[in-house]
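Enquirer: This is a predicted model, with the sequence first.
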Amino acid sequence: MKYKIDAAKELYQVLKDALSLEKIERLLEKPKHEQHGDIAFPCFELAKAFRKAPVQIASELALQLQSPLFAKVEAAGPYVNIFLNRHHVSKDVIGTIVKEKELYGNKEFGTGKTIVIDYSSPNIAKPFSMGHLRSTVIGNSLKRISEKCGYEVVGINYIGDWGTQFGKLIAAYKKWGDEEKVKQNPIKELFRLYVHFHEEVKEHPELEDEGRAWFKRLEDGDQEAVVLWTWFRSESLQEFSRIYELLGVKFDSFNGEAFYNNKMDKMADYLENLGLLTESEGAKVVSLEEGMPPCLIKKSDGATLYATRDLTAAMYRQGMYKFDRALYVVGGEQSLHFEQIFAVLKKMGYSWVEGMSHVPFGLILKDGKKMSTRKGKVVLLEEVIAEAIALAKQNIEDKNPSLPNKEEVAKQVGVGAILFHDLKNERIHNIEFSLEHMLKFEGETGPYVQYTHARACSILRKSDFTPDNVSAALADDTSWAVVKLLESFPKVVETAFERYEPSHISKYILDLAQAFNKYYGNVRILEEDEGKQSRLALVYAVTVVLKEGLRLLGIQSPDEM
Ligand code: ARG
């Protein structure tokens, strides 16, 4: 928090000879209990320099430390406890939010820099999986958080539209496919064919060769193969875009794996020239450090691989966007793959690899088990989203049937519930999928935060508040708890970015919502007295920050619900 720095400066004035400003800043703590003030300074480190007991130093310091910023300074054993001047701080913080509105918390450290985020990246001719949902939701939030930190962000949906599986799919379609059925229900039907192929292979292993042959034809540009592939691809993209539309997610590029087809040979040649390619059982590989398996670049039949395409894509993206950072929001199962990619790029001598990170995440579980798309056991995401929206709609019908825009609000709440549930815990954890849980209006849910925001908006609607030139000086405990949280928002944004961790934002807005609800319960906000405008200004500041926090998670905040 900003006031921690100010407090450190004040302490530094007194302690110049003993400690550096940085050291003081590092020593400052947040007291465990509210009654011990807002900032605590432990005096143990000073004992040596001053040749005194820390307890004595603390009581002397408490006397010396004076500033209009502090309401009170107290010694408590070896600690100096600082109580900030609540009037001063609340005026400053709320004034800033009223002035900056949704720009509050914006950072500049990313200005002039570019960050490329690879997220969502589903595979065509397959259902959009729960894993891809997580990637979509986390990547979308990281995009917004990065933008708030000043970065130019390029969102890339690296569609999985190339690889031997498309040979198998074409073979399956040629054998058992029906054009009409595919047209009616593309992904379901294509996926059924793909699953069927895998069942048949067990009895007829020769099918594998047919699949390989079709992929070869595809790679060689054979007309029939290309026409089928193009058709499957565009049907899939149409289905995906319906999901993105529902989730409110956008991308700047859809260059998928196939886009790199005609660029991979150059990449392989390049590795060859650098002397990095070696032969291993007929295949071409780049060998890597101890403990890491070699990175396979070309199979013995000349076919390229997932890694070949990712290497080519990384080079292309660096050339195209000159990125300072590149994030891959992909499940933890692919950690080794990315370690290998980064290791190869490093071996090639590129320093920009330092800015690349794999941003992994855990699984979505149903009753403790992985939700799988294998063997045709699919959970269709579109149906899940539709169900969430329907439940949200039901909720509105029960609680607020006269609400205008019911459809729109139900969509915002249903989708918000799914997103928030995904983002509320550290991304590396697995999450248990339960629509019922997600849609609760109490507890740690999206609808709870949205509802708190709507409640705050409704207070403002009922009053004559205008967010101009307010100076809100608030001092009671419940207001102060809210003010302190509001004050920490910019820091939370920064930490969320540094750790690529949207859960910092979600945890924060839950805390803020809780603190606000306490305020709402304890304080007579609309009482006609001289404090009314100040209290309303706080309410207004909360609406701004809750809305902005939700926005950073990709969630909308209806004014009424
Ligand atoms: N399509 C891949 C999959 O579903 C994810 C791609 C992730 N991005 C990447 N650059 N490899 O497993």
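Expert: Received, thanks. Residues are numbered from 1 along each chain as shown.
Enquirer: bridging residues for Lys366?
Expert: Beta-bridge pairing for Lys366 (DSSP bridges): Lys369.
Enquirer: Count the neighbours of it for me.
Expert: 13 (other CB atoms under 10 Å). (Each C-beta comes from the backbone N, C-alpha and C, glycine too.)
Enquirer: next one: the one 3 residues further on
Expert: Burial of Lys369 is recorded as 9 neighbouring residues (other CB under 10 Å).
Enquirer: now Pro490
Expert: 17.
Enquirer: Apart from its neighbours in sequence, what residue is nearest it?
Expert: Take Pro490 and drop its neighbours on the chain: the residue closest to it by CB to CB, 6 or more residues apart in numbering is Gly105, 4.3 Å away.
Enquirer: got a list of what the one you found touches?
Expert: 148, 489-490, 492-493, 545, 548 (CB atoms under 8 Å, 6 or more residues apart in numbering).
Enquirer: Which residues are in contact with Ile418?
Expert: Going by CB under 8 Å, 6+ apart, Ile418 touches 133, 137, 384-385, 388, 438, 446.
Enquirer: Out of the contacts of Gly105, give me the one that has the most neighbours.
Expert: Most surrounded of those: other CB under 10 Å gives Val545, at 25 neighbours.
Enquirer: Surely that residue and Ala513 touch.
Expert: No: between Val545 and Ala513 there is no contact under CB atoms under 8 Å: 10.2 Å.
Enquirer: Which pLDDT value belongs to the residue of the stretch 201-350 of the chain found nearest the ligand?
Expert: Nearest to the ligand, among the residues of the stretch 201-350 of the chain, is Val330, at 4.4 Å (CB to the nearest ligand atom). If you check Val330, the pLDDT there is 97.
Enquirer: now Arg374
Expert: 50.
Enquirer: Tell me where the chain has strands.
Expert: 39-42, 70-76, 79-84, 114-118, 152-156, 277-280, 283-286, 295-298, 325-329, 356-359, 364-366, 369-370, 431-432 (DSSP state E).
Enquirer: would you list the ones you listed in CSV and tack on distance to Thr164?
Expert: Shown next, in CSV, are those (distance: least, CB to CB, whole Å):
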stretch, distance to Thr164
strand 39-42, 61
strand 70-76, 68
strand 79-84, 63
strand 114-118, 22
strand 152-156, 23
strand 277-280, 19
strand 283-286, 14
strand 295-298, 13
strand 325-329, 22
strand 356-359, 24
strand 364-366, 27
strand 369-370, 24
strand 431-432, 32
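Enquirer: which residues are in contact with stretch 300-310?
Expert: The contact list for stretch 300-310 (CB under 8 Å, 6+ apart) reads 162-164, 212, 215-216, 219, 257, 260, 264, 267-268, 281-283, 295-299, 337, 340-341, 344.
Enquirer: Okay, buried residues for it please.
Expert: For stretch 300-310, the neighbour count (16 or more other CB atoms under 10 Å) marks 303-305, 307-310 as buried.
Enquirer: Spell out which residues of this protein are next to the ligand.
Expert: 118, 121, 123, 158, 160, 310, 328, 330 (CB under 6 Å from any ligand atom).
Enquirer: Show me which pair in those is furthest apart.
Expert: Asn123 and Tyr328 (15.5 Å; CB to CB).
Enquirer: Looking only at neighbour counts, state which of the two leads.
Expert: Tyr328 (25 against 20).
Enquirer: Can you verify my assumption that that one contacts Phe361?
Expert: No: using CB under 8 Å, Tyr328 makes no contact with Phe361, being 11.1 Å away.
Enquirer: okay, and for this structure, where does confidence drop off?
Expert: Along the chain, the model assigns pLDDT under 70 to residues 372-379, 469.
Enquirer: For the ligand, what is the nearest residue in it?
Expert: Taking CB to the nearest ligand atom, the chain has Gly160 as its residue nearest the ligand, at 3.2 Å.
Enquirer: residues near that residue, how many?
Expert: Number of residues near Gly160 (other CB under 10 Å) recorded here: 20.
Enquirer: got it, and Leu27?
Expert: 17.
Enquirer: before we move on, what about the one 3 residues further on?
Expert: Neighbour count for Lys30, taken as other CB under 10 Å: 12.
Enquirer: For it, what are phi and psi?
Expert: phi -100, psi 120 (degrees, to the nearest 10).
Enquirer: thought it was touching Gly37?
Expert: No: at 9.5 Å, Lys30 does not count as touching Gly37 under the criterion of CB under 8 Å.
Enquirer: Provide a list of residues in contact with Ser120.
Expert: 132, 135-136, 139, 157, 244, 249, 251, 329.
Enquirer: Phi first, then psi, for it.
Expert: Reported as degrees, to the nearest 10, the phi and psi values for Ser120 are phi 70, psi -80.
Enquirer: likewise His429?
Expert: Per degrees, to the nearest 10, the backbone of His429 is at phi -70, psi 150.
Enquirer: any idea how far it lies from Lys143?
Expert: Distance, His429 to Lys143, by CB to CB, to the nearest Å: 21 Å.
Enquirer: Settle it for me: which of these two has more neighbours?
Expert: The residue with more neighbours, out of His429 and Lys143, is Lys143; 25 against 12, by other CB under 10 Å.
Enquirer: can you map out the helices along the stretch 101-250 of the chain?
Expert: Using DSSP state H, counting those that start in this stretch, the helices of the stretch 101-250 of the chain run over 130-148, 164-176, 179-184, 186-203, 206-219, 223-247.
Enquirer: Of all those helices, which one is nearest Val523?
Expert: Closest to Val523 of the helices of the stretch 101-250 of the chain is helix 130-148 (CB to CB; 30.2 Å).
Enquirer: Packing partners of the closest one?
Expert: Other elements packing on helix 130-148 under the criterion 3 or more CB pairs under 8 Å, 6 or more residues apart in numbering; DSSP states H and E are strand 114-118, strand 152-156, helix 223-247, strand 325-329, strand 364-366, helix 406-423, helix 477-498, helix 532-552.
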